[in-house]
Structures are given as C-alpha cells and as structure tokens.
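Student: next one to model:
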Amino acid sequence: TFEEALTASKGRIVLFTELKGDSADKKMADDAVKRIKEHNMEAECVLVSLKYDLIDYIETKYPEIQTGFLLFASFGATDKLNCDYLGLEEESVFIIDDKSSGK
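Tutor: This is a model prediction of the structure:
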C-alpha cells in the first residue's frame, strides 16, 4: 500500500509515486498529500502523473509538495510548466552534441 511504501522509504530514498488511471483526480491527490504530510515526508516524496491538470492542481494547492509531469514528447517552453520534474519517455529524448557543431 501507499502507507507501507511511505513507512519503508522514510529516511532512506526519495519516493516517486505516480497518480494514474481513471481514478487519478483531485481527491486522489489530496489523499496522497495528506499521507505524505502525516509521515512528514514532504522533502522525500514526489507525486507524478501523465495528467498535467492534476500536477498543476497539486503545485498550486500544495506548493510544498514536489511534483513531476510525465510525458512522451515535449515541444515548446517546458520551463513554463508548473512542476518540479519532467519525466520523458526515453525514445523522445535526444542530445545535440555541441562539440561537433563548434558551439
């Protein structure tokens, strides 16, 4: 359970928890934040989701909670997104070697 994961990871690792599926909504986010706060683990947990509106809700209502937006591809000004982390599908990431371009 989420409760068991919080207990097992406290003081040991940063716990990334995905809010996913049809039931991933504001209530799920509120419940997750409540559990995180009950364990005093705001600095040890990151809530992530494919649903940007849910991540934006958490960032707006609970700025003390770390969030991550999961996406398959990214175009445009990702720095304008209201989240702490971006999780990209590995096939969508490519690195431009600035050394070969002389820049």
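Student: which residues touch the residue nearest the centre of the chain?
Tutor: Using Cα atoms, centre = their mean, the residue of the chain that lies closest to the mean C-alpha position is Gly68, 2.0 Å off. Contacts for Gly68 (Cβ atoms under 8 Å, 6 or more residues apart in numbering) come out as Phe16, Val46, Leu47, Val48, Ser49, Ile55, Cys83, Asp84, Tyr85, Leu86, Gly87. Glycine gets a C-beta too; all of them are placed from N, C-alpha and C.
Student: the fifth one and Ala8, how far apart?
Tutor: Think Ser49. 22 Å (Cβ to Cβ, to the nearest Å).
Student: thinking again about what came up before, the residue nearest to the centre of the chain should be in a helix, yeah?
Tutor: No - per DSSP: H, G, I helix; E, B strand; the rest coil, Gly68 lies outside any helix segment and is strand.
Student: just list whatever residues bridge to it.
Tutor: On the basis of DSSP bridges, Gly68 takes part in beta bridges with Val48, Tyr85.
Student: from the contacts of Gly68, list the buried ones, please.
Tutor: Buried subset of the contacts of Gly68 (neighbour count, 16 or more other Cβ atoms under 10 Å): Val46, Leu47, Val48, Ser49, Ile55, Cys83, Asp84, Gly87.
Student: now the two most distant members of the contacts of Gly68.
Tutor: Comparing every pair within the contacts of Gly68 by Cβ to Cβ identifies Leu47 and Leu86 as the most remote, at 13.9 Å.
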